[in-house]
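1. Provided below are the primary sequence and the corresponding predicted coordinates.
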Amino acid sequence: MGLLEGIRSPADVQRLSGRQVGRLADEIRAFLVDQVSRTGGHLGPNLGVVELTIALHRVFSSPRDTFVFDTGHQSYVHKLLTGRTDFSGLRKRGGLSGYPSRAESEHDVVENSHASTALSWADGIARANAITGQDDRSVVAVIGDGALTGGMAWEALNNIADGDDRGIVIVVNDNGRSYAPTIGGLARHLDALRTARGYESMLEWGKSTLRRSGPPGRFAYDALHGLKKGIKDVVAPQQGMFEDLGLKYMGPVDGHDEPAVERALRLAKAYGGPVIVHVITRKGKGYSPAEQDSADRFHAVVPIHPETGLPLAPSRFGWTAVFADEIVQIARRRPDVVALTAAMLQPVGLAGFAAEFPERVVDVGIAEQHAATAAAGMAFAGLHPVFAVYATFLNRAFDQVLMDVALHKAGVTFVLDRAGLTGDDGASHNGMWDLALLSLVPGLRLAAPRDERTLRAALRTAVDVDDAPTVVRYPKGALGPELPAVDELDGVDVLARHEGRADEPRVLVVGIGSMAATALGVGELLAAHGLGVEVVDPCWALPLPSALVKLVGERDYVVTIEDGLVEGGIGTLVGAVGARTGTRVQSFGVPRRFLDHASRDQLVAELHLGPHEIAGQVLAGLADTD
């Protein structure tokens, strides 16, 4: 029997010998490669934190001590060490979440998988512990070097530094740059010295005594302090950066040397105040296809062949690939077009743009707010910026879209990938909020293309608007078939017309973006009942096209279908038109609640957004009006 099979709780991890810890790390890596290659998931990040997570659970006692994982996609090892070893349903309905989940375990705290939030959580938890008399508990925040590019992390650090009596341990999981780790007995001695309260007492004595002893004493204090600071900044400049904020710094530590990480964490825990432990790790550690990959393809994987790392099924041509191709074509014609990304150059489809126009792409790091406002500045200075970002991450920059971009009528294009229901990544990754949020922004124009042709056309139109923000949103995954229009009414595409009986109501079915295909299916089902049906797609959905407003007023019954919030979305706007014109409007979309992880098809079925379910509800609604 392997060691992993006997791990049911962190107490089991704490009982292992040093030699057993090494064996456990090997078993965990083998388990992750075997299981995640079957299900898909975040493989690379978890392979990189095996020793670190083991050390955390050997030093701290979860759940009494609180663990907060920034983004949470590196929590698979934590799940294993807290007794969750059935990965067969990872990221599938009824199986383990790909992120921490309170419903799964008392060892999980933060479910939000948006980056740069962990330090604020840790600060709040530690403050509460102090107020409630539980200040003997530690709070451990694990944050990646990438997440430290987010401004919210630095706001939190500024506040954490103000509480030197609170037990917060910040583990910086640095897998982005190669530092030379400080090793050997001297390094351990210096770490112990810096975190000893006696060392702090000596510094306070020097500060209070020498600086009161006239010019010679002040000179001696300044010289000693300058020598200490100078050596520190030469040997480890990152230490100076953190300690200038008033935070103790330890490291860098080899994150794959479990005893070294464990020693550092024990010293940090004993210190009793805020400490940063800088740990150097390597994504994909121990799995040769990931270690040899320079494009970070193993950050998150679909099901793969475990030996080669190649996908089991070839990926179909998708929405992101169309954007990637079209934005390069646009940039060749328009030298003023620049691209922005928030640490996601490859996932949002800007790698090709960066290869051809390296001087015209800006990666701001995980800083969506800054990206939006910087884009407004670029527009003011004569460029047309295109900010490509996952739809759910634009939520973080709503104020900047509103007050920096829209208020100043800045010609900025936001390209929202993964809009609508994304499924397996769970509540915080579904891009279901943008239509409702952006409908509030004055002057903003939003397109929701339904296929490749309309996506390319929408992108070209969007970058031609230089006096207002534009948005182009599209879903995750593969493209469906082209849905040609049979007619066009001043910006509204007519996808189908079905002549009905003269005595039946005239129904207008409005499909938004990826739901246009569903709208066509609904139209056919309604037509089979003798209804006169027109199916339309207003590709530019915000603001509502005047032609759509006119159509609503001319029809007896209107149905709207979207993959965003049903409250506050396009259906709500159409409903307001119907209220003015006396037209009955029935809207279908996503309810105002968080959705558990499941496939997109499962979510569509759960929310009754399939053609048959919608047509049945429409027929019932029509019956109620008789």
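-> That came through, no problem.
2. from here on, just use CA atoms for contacts and neighbour counts.
-> Noted.
3. now the phi/psi pair for the spatially closest residue to residue 382 that is not a sequence neighbour, please.
-> Spatial nearest neighbour of residue 382, chain neighbours left out: residue 336 (7.3 Å); criterion: Cα to Cα, 6 or more residues apart in numbering. Main-chain dihedrals, residue 336, degrees, to the nearest 10: phi -90, psi -10.
4. tell me the contacts of residue 336?
-> Shown in contact with residue 336 (Cα atoms under 8 Å, 6 or more residues apart in numbering): 382-384.
5. mind checking which of the residues you listed are in strands?
-> Using DSSP state E, the subset of the contacts of residue 336 located in strands is residue 384.
6. okay, the contacts of residue 336 in TSV with pLDDT next?
-> As requested, those are exported to TSV (pLDDT from 0 to 100):
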residue	pLDDT
382	96
383	97
384	98
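7. filter the contacts of residue 336 to the buried ones?
-> Buried by 16 or more other Cα atoms under 10 Å: 383-384, out of the contacts of residue 336.
8. now the contacts of residue 336 as JSON lines including distance to residue 461?
-> Converted to JSON lines, the contacts of residue 336 look like this (distance: Cα to Cα, whole Å):
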{"residue": "382", "distance to residue 461": "18"}
{"residue": "383", "distance to residue 461": "16"}
{"residue": "384", "distance to residue 461": "12"}
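9. and which of the contacts of residue 336 is nearest residue 20?
-> residue 384 (57.4 Å; Cα to Cα).
10. averaged pLDDT, the host helix or strand of residue 340. What do you get?
-> Applying DSSP states H and E as the criterion places residue 340 in strand 337-341. Across strand 337-341, the average pLDDT comes to 97.
11. which elements pack onto it?
-> Judged by 3 or more Cα pairs under 8 Å, 6 or more residues apart in numbering; DSSP states H and E, strand 337-341 is in contact with helix 319-333, strand 361-363, helix 368-380, strand 384-390.
12. now do 6 Å
-> strand 361-363, strand 384-390 (3 or more Cα pairs under 6 Å, 6 or more residues apart in numbering; DSSP states H and E).
13. deepest of the ones you listed, which one?
-> strand 384-390 (a mean of 26; mean count of other Cα atoms under 10 Å).
14. follow-up on the earlier one: how about the helices and strands packed on strand 337-341 in CSV, adding distance to residue 322?
-> Shown next, in CSV, are the helices and strands packed on strand 337-341 (distance: least, Cα to Cα, whole Å):
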stretch, distance to residue 322
strand 361-363, 18
strand 384-390, 13
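15. can you tell me what sits against the host helix or strand of residue 585?
-> Assigned by DSSP H and E, residue 585 falls within strand 584-590. Outside strand 584-590, the residues that touch it by Cα atoms under 6 Å, 6 or more residues apart in numbering are 557-566, 571, 575.
16. what's the answer for stretch 525-534, then?
-> By Cα under 6 Å, 6+ apart, the list of residues contacting stretch 525-534 reads 496-501, 504, 506-508.
17. let's see which of the residues you listed end up in strands.
-> Reading strands off those with DSSP E, I get 496-498, 506-508.
18. of the residues you listed - the most surrounded one?
-> Using other Cα atoms under 10 Å as the neighbour criterion, residue 507 leads the ones in strands among the contacts of stretch 525-534 with 27 neighbours.
19. gap between that residue and residue 266?
-> Noted for residue 507: a distance of 69 Å to residue 266, by Cα to Cα, to the nearest Å.
20. do residue 455 as well
-> On the measure of Cα to Cα, residue 455 and residue 266 end up 54 Å apart.
21. just the mean pLDDT for the biggest strand by length in the chain, thanks.
-> Ordering each strand of the chain by length in residues (DSSP E) puts strand 557-565 first. Mean pLDDT, strand 557-565: 96.
22. after it, which helix or strand is next?
-> helix 570-581.
23. what's that next one in contact with?
-> 553, 560, 585, 587.
24. next: stretch 536-553.
-> So stretch 536-553 is contacted by 445-449, 490, 492-495, 510-511, 581 (Cα under 6 Å, 6+ apart).
25. likewise for stretch 90-103?
-> Contacts of stretch 90-103 (Cα under 6 Å, 6+ apart): 72-73, 89, 108, 111, 424, 597-598.
26. do the same with stretch 421-438
-> With Cα under 6 Å, 6+ apart, stretch 421-438 has contacts from 91, 112, 391-392, 419-420, 564-565, 568-569, 594-600.
27. quick one, which of those residues are buried?
-> Buried among these (16+ other Cα under 10 Å): 91, 112, 391-392, 419-420, 564-565, 568-569, 595-600.
28. and residue 273, its phi and psi?
-> According to degrees, to the nearest 10, residue 273 has phi -130, psi -180.
29. returning to that earlier point: from the buried ones among the contacts of stretch 421-438, which has minimum pLDDT?
-> Of all the buried ones among the contacts of stretch 421-438, residue 112 has the smallest pLDDT value, namely 77.
30. got the contact list for residue 153?
-> residue 116.
31. so what's residue 612 closest to, chain neighbours aside?
-> residue 522 (6.9 Å).
32. for the stretch 201-350 of the chain, what spans make up the strands?
-> 248-254, 275-280, 337-341 (DSSP state E, counting those that start in this stretch).
33. could these go into CSV alongside mean neighbour count?
-> Output for those, formatted as CSV (neighbours: other Cα atoms under 10 Å):
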stretch, mean neighbour count
strand 248-254, 24
strand 275-280, 26
strand 337-341, 24
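34. pick out the shakiest of these, pLDDT-wise.
-> strand 248-254 (a mean of 89).
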